[in-house]
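Engineer: Pasting a predicted model and its sequence here:
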Amino acid sequence: MLSQKTADSSAFQADRAAGPCEETSRLYEQARALVSQMTLEEKACLLSGADDWNTKPVGRLGLGKTMVADGPHGLRKEVLPVPQVGKQTVPATCFPTAAVTACSFDRALLFEFGAAIAEECRAEDVSVILGPGLNCKRSPLCGRNFEYFSEDPVVSGELASAYVNGVQSQNVGACVKHFALNNQELRRLIVDSVADERAMFELYLSSFERVIKNARPWTVMCSYNRVKGEHAADNRWLLTDVLRGRWGFDGLVMSDWGAVNDRVKGVAAGLDLEMPYIDDYRDKLIEQAVADGTLDESDVDRCAERVCALTLRAKGREPLEHRHEAHHALARKAAAESMVLLKNEELLLPLKKGRSVAVIGAFAMTPRYQGAGSSKVNPVCVDCPFDELVKLGVNAEYAPGYDPERDEPDESLLAEASRLAADSDIAVVFAGLPDRYESEGFDREKANMPKCHAELVRRVQQANPNVVAVVMGGSVVDMGWEAGAKSILLAYLGGEAVGGAVADVLTGAVCPGGRLAESWPMALEDNPSYAYFPGYPHTVEYRESIFVGYRYYDTAQKPVRYPFGFGLSYTSFSYGNLSVGGETLDDGETLAVSCDVTNAGKRAGSEVVQLYVSHRSDVMFCAEQELKGFEKVFLQPGETATVRFTLTRRDLSYYNANASGWRVEGGEYEIRLSSSSRNVRLRKTVLAEPDADQVVPDFRQSAPCYYDLSDGINVPDDAFAALLGAPLPKREREPGDPFTQNSTLSEAKHSLIAQVIAAIGKKEIARRKADGDIGGNGDEELLYESPLRLLASSGTGFGPKQVEGIVMMLNGKFFAGLKHMLGR
Ligand code: BGC
């Protein structure tokens, strides 16, 4: 049986900006007409939100407001705070997080999922969902990894494009975030992400480029951190030169919440909308800057037009009824099709009918299914894995095994779990990362699970060797306990229906189809960013350059626990009939690549065919291989499908920082069709002519460490400086440096003023805690490590003007500062 199942993989085009489409041009004409009737005050006013979630209306011109809400894996729409309970959000479907949906490698699923979230937005009159998040997973420790897709920009960019297309098919806007290089939570408002341009374009910007070009998101959210020394919120290079100039972005850029550093500079740089509303101080600064000639009014007009265009775009959408039941079913399907079967010795899974199963671990009753912080959804209902297993006919009994609030093992819980395991045919242990281990706002310090979880796997295995581990958590965990489990199912944070989804996969109702979108190293220390993550206090140096994830592990031939792209199935697949449509790929050409994949097993299942390109250079350093495309196919037993890809020159190119563009070095390029980064099934070499206008970057003398990774990533200062083409930016504040709005209380802690402010801040935190209004962002570490300018939006009673006064006082101008604070 031969069926032509899949469409061509979307060819990713070369470095060219897309022109605005007709509809967008019309929208901007209307927006321009509106803005031309506004006063400067009205325009400046429009450039910051009305409150936490809305843009401002201009009543006299009939311009309404636009509501935005978090995202990304479900709608988080705030309603008025309830006394004693704190902030409330409307019930919404909590879909699986990006960490797990990325493993689906399934564009159609991501489209469906985006459309469903947008339907909930329509039901709640929300115009823009604040997602997807597609920052690259540089380190397993980033506290926000659960919200991001992958360590690979093709996976992140393709799946995020599908999500955005799904959202926007409902006439709801998506907001691609956090642009850019926001790969750690520690000091995220201050830290300068120092990466060489090649790494930036090949890894950290390229996923954004793909989404901008493929899916034209309505909005982009700039990140908190600095890039090339400047805050993303006032970074002209990022927001205008790259985003609009090179990629042709034609939507609105909003700030991350509280990310604005210098509002006037931001307007000129292309930051259209400041979120959330703080007060009108900064709007006035914009007016003033125009009046005194430091800001061009046309820059203000441009930003105001984009705000108007967003509101016009969102108009005329039909509301919808909630469809929670259908969305819960979709959340279950998405989770089941995404989770990854890592190990299945003796084919322990799927569970055989009639066997007695000990279901062990508190996560089996109260699963971990989403992360903490701004993405936290108020779920409609959460499936309990144990109940769902029973509903599917599993003969199960339960023991908690550990106290979910504690790290230390509890001997009596362990003994009870062991007894149950010994009395059962199979033990399924639910383990992973508790909420307190990972969140927006902080990074993990270690990769381990709580001791009581790891110990539980070991102890249960002693009682019964037939152990299945189900792992829940937002990111890579240390698996020192791996030998204790014959089967491992990685559920990540699978959303409110994770219980049903786990039951589907364990019982075989669904054949596992997930493949890892990030490498699982043997040990955290193996990660290429290990020595340089997180960066503190002022810079984070991306010294590993392009060697992120499998690009490093495969080049260094480092053993990994589970490679990128890996995942088992209950069936098996054979590959054949590789066809490459030519011997060369030269200028103006494309290259068709295809192969046949056959389901060689006895049950229906899916396979993810991954296309990598491998190129060796005599001059520049290269990764062993890079993913350039993937296709997922669903096949009945015995069925064969032809999987097709189209390669362009861009797929062979590297980013040449001197030429500020993509170039093909030329020579041999091996095309590999693989089922993981470590399992090449078919390969063929083609030739490519070099691009003429290039000097191939040669760091063999100045940074030889990048050419031999056998000792890991050890990059001396001078080598990294050579790669950057500039001296290393200053890492910390030196004694005598003036304080600024970006100084932290920790830097000023010896001053009395800082101590007074810290005391006020602590009081506020205590009050909010008492009100139940505290998320991942609210603890004392953040008070000390956040920039002073954040005080203006922290509810401490200080406004932007007071913050300016505080900075003056810290710099020894006590009375002038006090006067400034008190002045109007
Ligand atoms: C987060 C964003 C989020 C915003 C609004 C910020 O702290 O970084 O991802 O969309 O808050 O909640």
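Structural biologist: Sure thing, it's come through.

Engineer: need the contact list for Arg515.
Structural biologist: Neighbouring residues of Arg515 by Cβ atoms under 8 Å, 6 or more residues apart in numbering: 103, 105, 340, 565-567, 608, 610, 676. (C-beta placed from N, C-alpha, C; glycine too.)

Engineer: Which pLDDT value belongs to it?
Structural biologist: pLDDT, Arg515: 98.

Engineer: out of the contacts of Arg515, who's nearest Ser439?
Structural biologist: Of all the contacts of Arg515, Ser439 sits closest to Cys103, with 21.3 Å by Cβ to Cβ.

Engineer: Helix, strand, or coil at that closest one?
Structural biologist: Secondary structure, DSSP: H, G, I helix; E, B strand; the rest coil: Cys103 is helix.

Engineer: In three-state terms, how would Leu506 be classified?
Structural biologist: helix.

Engineer: Quick check: it vs Val460, distance?
Structural biologist: To Val460, Leu506 is 16 Å away according to Cβ to Cβ, to the nearest Å.

Engineer: Repeat that for Asp296.
Structural biologist: Relative to Val460, and taking Cβ to Cβ, Asp296 is found at 68 Å.

Engineer: and the residue nearest to Asn378 when sequence neighbours are not counted, how many residues sit next to it?
Structural biologist: Closest residue to Asn378 apart from its sequence neighbours, by Cβ to Cβ, 6 or more residues apart in numbering: Thr89 at 4.5 Å. Neighbours of Thr89 under the rule other Cβ atoms under 10 Å: 16.

Engineer: isn't Thr89 right up against Ser374?
Structural biologist: No - with contacts counted by Cβ atoms under 8 Å, Thr89 stays clear of Ser374, the gap being 10.6 Å.

Engineer: Kindly reformat the contacts of Arg515 as JSON lines containing distance to the ligand.
Structural biologist: Shown next, in JSON lines, are the contacts of Arg515 (distance: Cβ to the nearest ligand atom, whole Å):
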{"residue": "Cys103", "distance to the ligand": "22"}
{"residue": "Phe105", "distance to the ligand": "24"}
{"residue": "Val340", "distance to the ligand": "26"}
{"residue": "Gly565", "distance to the ligand": "28"}
{"residue": "Phe566", "distance to the ligand": "30"}
{"residue": "Gly567", "distance to the ligand": "29"}
{"residue": "Val608", "distance to the ligand": "28"}
{"residue": "Gln610", "distance to the ligand": "30"}
{"residue": "Ser676", "distance to the ligand": "31"}
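
Engineer: Neighbour count: Asp296 and Val460, which is higher?
Structural biologist: Remark: of Asp296 and Val460, Val460 carries more neighbours, 31 against 13, as counted by other Cβ under 10 Å.

Engineer: give me the element that one is part of.
Structural biologist: Using DSSP states H and E, Val460 sits within helix 451-463.

Engineer: Give me the common contacts of Thr89 and Ser374.
Structural biologist: Common contact partners of Thr89 and Ser374 (Cβ under 8 Å, 6+ apart): Arg76.

Engineer: can you pull the contacts of the most centrally placed residue in the chain?
Structural biologist: Central residue of the chain (Cα atoms, centre = their mean): Tyr148, 2.1 Å from the mean position. The neighbours of Tyr148, taking Cβ under 8 Å, 6+ apart as the test, are 98-99, 133-137, 142, 156.

Engineer: Repeat that for Glu445.
Structural biologist: Here Glu445 is in contact with Leu141 (Cβ under 8 Å, 6+ apart).

Engineer: Tell me the one among the contacts of Tyr148 nearest to the ligand.
Structural biologist: Gly133 (6.5 Å; Cβ to the nearest ligand atom).

Engineer: For that closest one, give me phi and psi.
Structural biologist: For Gly133, the backbone dihedrals are phi -100, psi 120 (criterion: degrees, to the nearest 10).

Engineer: Give the closest residue to it in space, chain neighbours not counted.
Structural biologist: Gly133 sits nearest to Glu147 (Cβ to Cβ, 6+ apart), 4.3 Å away.

Engineer: The one you found reaches Thr97, doesn't it?
Structural biologist: Yes - applying Cβ under 8 Å as the test, Glu147 and Thr97 come out as touching, 6.3 Å apart.

Engineer: shared neighbours of the two, which are they?
Structural biologist: In contact with both Glu147 and Thr97: 73, 371, 375, 474, using Cβ under 8 Å, 6+ apart.

Engineer: Nearest to the ligand: which residue in the stretch 1-150 of the chain?
Structural biologist: Leu130 (3.9 Å).

Engineer: which residues pair with that residue across the strands?
Structural biologist: Asp70 (DSSP bridges).

Engineer: Quick one: residues contacting it.
Structural biologist: By Cβ under 8 Å, 6+ apart, the neighbours of Leu130 are 68-72, 175, 177, 221, 374.

Engineer: what about 6 Å?
Structural biologist: Taking Cβ atoms under 6 Å, 6 or more residues apart in numbering as the criterion, Leu130 is in contact with 68, 70-71, 175.

Engineer: so which of those are also by the ligand?
Structural biologist: Asp70 (Cβ under 6 Å from any ligand atom).

Engineer: in the stretch 301-450 of the chain, which spans are strands?
Structural biologist: Taking DSSP state E, counting those that start in this stretch as the criterion, the stretch 301-450 of the chain carries its strands at 340-344, 356-360, 378-379, 395-399, 426-432.

Engineer: JSON lines for these, including mean pLDDT and mean neighbour count?
Structural biologist: Below are the strands of the stretch 301-450 of the chain laid out as JSON lines (pLDDT from 0 to 100; neighbours: other Cβ atoms under 10 Å):
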{"stretch": "strand 340-344", "mean pLDDT": "98", "mean neighbour count": "22"}
{"stretch": "strand 356-360", "mean pLDDT": "98", "mean neighbour count": "26"}
{"stretch": "strand 378-379", "mean pLDDT": "96", "mean neighbour count": "18"}
{"stretch": "strand 395-399", "mean pLDDT": "98", "mean neighbour count": "19"}
{"stretch": "strand 426-432", "mean pLDDT": "98", "mean neighbour count": "28"}
